[in-house]
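**Student:** Sequence first, predicted model second:
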Amino acid sequence: MSSERGTDSAALDVADLDEGAAARELARLARLLDTANRAYHTDDAPVMSDAEFDALRVRNSEIEAHFPELVRDDSPSQRIGAPPAEGFAKIRHARRMLSLANAFSDDDVADFVDSIRRFLNLGPDAALAFTAEPKIDGLSLSLRYEGGVLVHAATRGDGETGENVTANARTISEIPTRLTGAPDTLEVRGEVYMAHDDFIALNARQAEAGAKTFANPRNAAAGSLRQLDPTITAARPLRFFAYAWGEVSAPLAASQSDAIARLDELGFTTNPRFRRCKTLAEMLENYREIESERASLGYDIDGVVYKLDDLALQERLGLRSTTPRWAIAHKFPAERAWTLLEGIDIQVGRTGALSPVARLRPVTVGGVVVSNATLHNEDYIAGRDSKGEPIREGRDIRVGDWVEVYRAGDVIPKIRDVDLSRRPKDATPYTFPQTCPECGSPAIREPGDSVRRCTGGLVCPAQAGERLKHFVSRAAFDIEGLGAKQVEAFWRDGWIATPRDIFTLEDRFGPGQPRQLRNREGWGEKSAQNLFAAIRDKRFIGLGRFIFALGIRHVGETSAGLLAAHYGDWQSFRTAMAAGDEGELMAINGVGPVMARALLGAFAAEGETIDALAAELEITPAEARASDSPVAGKTLVFTGTLEQMTRAEAKARAEALGARVAGSVSAKTDLLVAGPGAGSKAKKATELGIEVIDEEGWLRLARGG
Ligand code: IVH
């Protein structure tokens, strides 16, 4: 290495360098400083003095200042650079970052294995191997390498788009910035986490400095990675386990276990507690072993992840909307603690649901101080389930009781049990309010619904306010300058009552009006103009976002996206909502009866309000799925027997290629796949002049050839 330090151009004044020499020197400096960094941070064995290190960095910056077009992705100046002006830039993941379905019992794991066998049409005795490894409780990160160089690092975000935390990731010593022998394009995914010792030491340092301490290692890891100033990240002891990958230009291996071994060879840290299991019994045995080692691992884990080992089979199984069918997280039982129930509050949500919240004497559960927990609904408090069957052997919960709290992962803490032996003599059964605590309207429970709801609709401040807040939230309309606080103030003063009113604000409170936004407290000429402009911008909105923004129960971002992809444009979606056909909705992958009913109910009750809103907007059609398959955007029907794949697999495969799969043949059908034994559907398709192909033809399409 010392020979490298003394190359000829190093002696030259920057102004005397030509482009070629500058590029060569920048490459050399990148290598040199990277080695020095590693030696210092990873090996605790510095190879140069601090002064020498600084001098090389200065040299690097000088050359970059002269030749800005030569700044390298792996430049030392990018390692701990200046903080970006505001927030993090966004990065779209080349392949979606997935989450995992959960299993909470051995039976759930057995079901998972069975469902894979069924999907693949394998008998109970056919060999099927899985991997088992700890589920790290940190935050996931995707690292993209091109030509062996780390070009960017992104958090998971919503799975499609994450935050660009490249500068921060470069400060983590377990993340290589260069790889040798890697595929040209390689996205490595894994978990950033903080070890227990490091967490305790960090909190001690923070406390000493009068700075914020962290509730648990996960929060500390997340808070440290998501720092606008990478020098802060650099000072935090973060670590990284690689366990998956995204886009790759050449396959890493043929199996999960070999792919992980390959990542290990490339210089990533992979989890040593990784095993290949040939049977369900072995998977469960590994779970118990990992659970027993949990306390001595030195970092937090919250379960065991099983993945199907054979990558070709993983590919065949494919994905549900956000989770793969070939993997599952077997979670450890939640952590628990006993404490005093000091009171019960009722919160009114966006959909009018009255939710009881337990106010608790603060208690630490699994390292986090808990002072609120959900009590679900009135039946739960009374000791009954939704069918009227006793839960907790019928024990009800009263204010003044000692209750057992638990939390699993990041979710809201819950109450599990109550200790009758410690119940105060004067404790009385809890009476659930029959009127809304916010607006006084009657609160009604529909037959079959476990939840009592305020009937005040938009009259109810909690509902109207919550809905408006949802409407302007990040994943919905996301109007700059119009956050929850502003919406609440406008709503309180009667400036806006429903989402539509946002789009008439300028007409009512703009220039020339008797009352003007710019004269309102906290506003001025400029901010008022900016807000009106931001609102005008959002008159154009994608269909998926629009559906999500409506705040219909059970319709989250993913479901709204599915609906948008299925219907394509607003008019088709609106027509289907008016037609009110629950069956048609349920034929969409990802839509179940509960969501179908909620959608139709919302349009039946509020169709007019929604239409008035839509009339103010330009709702743009859903983006066509990124697929160049000939079946993308087509409607397919399968009939008869398929021999090469199960019906479920065929449907999933078709949807993955961007096609819609319908249950019956109609004028909208583009293609019928008919196996042996096809009957009336094939006949109808022929009558309608629809193309009919056999399974062989389908397989060619499905394989993209
Ligand atoms: S695999 C195939 N393996 O758990 C899907 N995830 O609940 C990619 N996680 O978002 C995930 N340890 O952040 C996988 N050994 C492990 C994991 C792991 C932790 C996290 C990951 C994921 C979340 C899903």
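**Tutor:** Great, that's in hand. Numbering: from 1, shown residues only.
**Student:** C-alpha from now on. contacts and neighbour counts both.
**Tutor:** OK.
**Student:** Could you check which residue of the stretch 601-705 of the chain lies nearest the ligand?
**Tutor:** Ala656 (16.2 Å; CA to the nearest ligand atom).
**Student:** In contact with that residue, which residues?
**Tutor:** Going by CA atoms under 8 Å, 6 or more residues apart in numbering, Ala656 touches Gly318.
**Student:** how about 10 Å then?
**Tutor:** 318-321, 625, 627, 629, 632, 650, 702 (CA atoms under 10 Å, 6 or more residues apart in numbering).
**Student:** and which of those is nearest Ala101?
**Tutor:** In terms of CA to CA, no member of the contacts of Ala656 lies closer to Ala101 than Arg320, at 9.7 Å.
**Student:** Could you report the separation of the closest residue in space to Leu308 that isn't next to it in sequence from the ligand?
**Tutor:** Of all residues not flanking Leu308 in the chain, Phe130 sits nearest, at 4.4 Å (CA to CA, 6 or more residues apart in numbering). From Phe130 over to the ligand the distance is 13 Å, taken as CA to the nearest ligand atom, to the nearest Å.
**Student:** low-confidence ranges in the stretch 551-700 of the chain?
**Tutor:** Where the stretch 551-700 of the chain drops to pLDDT under 70, the residues are 623-627.
**Student:** Close to the ligand: what parts of the stretch 51-200 of the chain are there?
**Tutor:** Neighbours of the ligand within the stretch 51-200 of the chain, by CA under 6 Å from any ligand atom: 98-100, 133-137, 139-140, 191.
**Student:** 5 Å instead?
**Tutor:** Contact residues, the stretch 51-200 of the chain versus the ligand (CA under 5 Å from any ligand atom): 98-100, 135-136, 140.
**Student:** Only whichever of these are buried, select them in ChimeraX.
**Tutor:** Applying 16 or more other CA atoms under 10 Å to these, the buried members can be selected in ChimeraX as follows:
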select :98,99,135,136,140
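**Student:** want to throw the residues of the stretch 51-200 of the chain next to the ligand into CSV with secondary structure?
**Tutor:** Listed next are those as CSV, based on DSSP: H, G, I helix; E, B strand; the rest coil:
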residue, secondary structure
Leu98, coil
Ser99, coil
Leu100, coil
Lys135, strand
Ile136, strand
Ser140, strand
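**Student:** Export the residues of the stretch 51-200 of the chain next to the ligand as a markdown table, with columns for pLDDT.
**Tutor:** Shown next, in a markdown table, are these (pLDDT from 0 to 100):
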| residue | pLDDT |
| --- | --- |
| Leu98 | 92 |
| Ser99 | 92 |
| Leu100 | 94 |
| Lys135 | 97 |
| Ile136 | 97 |
| Ser140 | 96 |
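**Student:** Pull the most distant pair out of the residues of the stretch 51-200 of the chain next to the ligand.
**Tutor:** Leu98 and Ile136 (14.9 Å).
**Student:** Show the contacting residues for the residue of the stretch 1-150 of the chain found nearest the ligand.
**Tutor:** Of the residues in the stretch 1-150 of the chain, the one nearest the ligand is Lys135, at a distance of 3.5 Å by CA to the nearest ligand atom. Going by CA under 10 Å, 6+ apart, Lys135 touches 191, 243, 271, 290, 300-306, 329-332.
**Student:** I'd say Val555 and Ala564 touch.
**Tutor:** No - under the criterion of CA atoms under 10 Å, Val555 makes no contact with Ala564, lying 11.7 Å away.
**Student:** For stretch 387-404, measure first residue to last.
**Tutor:** In stretch 387-404, first residue to last residue: 23 Å (CA to CA, to the nearest Å).
**Student:** pLDDT on it, on average?
**Tutor:** Stretch 387-404 carries an average pLDDT of 94.
**Student:** so how many other residues sit close to Ala612?
**Tutor:** 13 (other CA atoms under 10 Å).
**Student:** Send me whichever strand or helix holds it as CSV with only the CA atoms.
**Tutor:** Using DSSP states H and E, Ala612 falls within helix 593-615. Output of helix 593-615 as CSV, limited to C-alpha atoms (Å, rounded to 0.1, in the frame of the first residue of the first chain):
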residue,chain,number,x,y,z
PRO,A,593,-65.8,-9.7,2.0
VAL,A,594,-65.0,-7.2,4.7
MET,A,595,-63.3,-4.7,2.4
ALA,A,596,-65.9,-5.2,-0.3
ARG,A,597,-68.7,-4.4,2.1
ALA,A,598,-66.9,-1.4,3.5
LEU,A,599,-66.3,0.0,0.0
LEU,A,600,-69.9,-0.4,-1.2
GLY,A,601,-71.2,0.9,2.1
ALA,A,602,-69.1,4.0,1.9
PHE,A,603,-70.2,4.7,-1.7
ALA,A,604,-73.8,4.1,-0.8
ALA,A,605,-73.7,6.5,2.1
GLU,A,606,-71.4,9.1,0.8
GLY,A,607,-71.4,8.7,-3.0
GLU,A,608,-72.6,12.3,-3.5
THR,A,609,-70.0,13.9,-1.3
ILE,A,610,-67.3,11.8,-3.0
ASP,A,611,-68.6,12.8,-6.5
ALA,A,612,-68.6,16.5,-5.5
LEU,A,613,-65.0,16.1,-4.5
ALA,A,614,-64.1,14.1,-7.6
ALA,A,615,-65.6,16.9,-9.7
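**Student:** Beyond that helix, next helix or strand please.
**Tutor:** As assigned by DSSP H and E, the chain's next helix or strand after helix 593-615 is strand 618-620.
**Student:** Go through that following strand and flag the buried ones.
**Tutor:** Across strand 618-620, burial judged by 16+ other CA under 10 Å covers 619-620.
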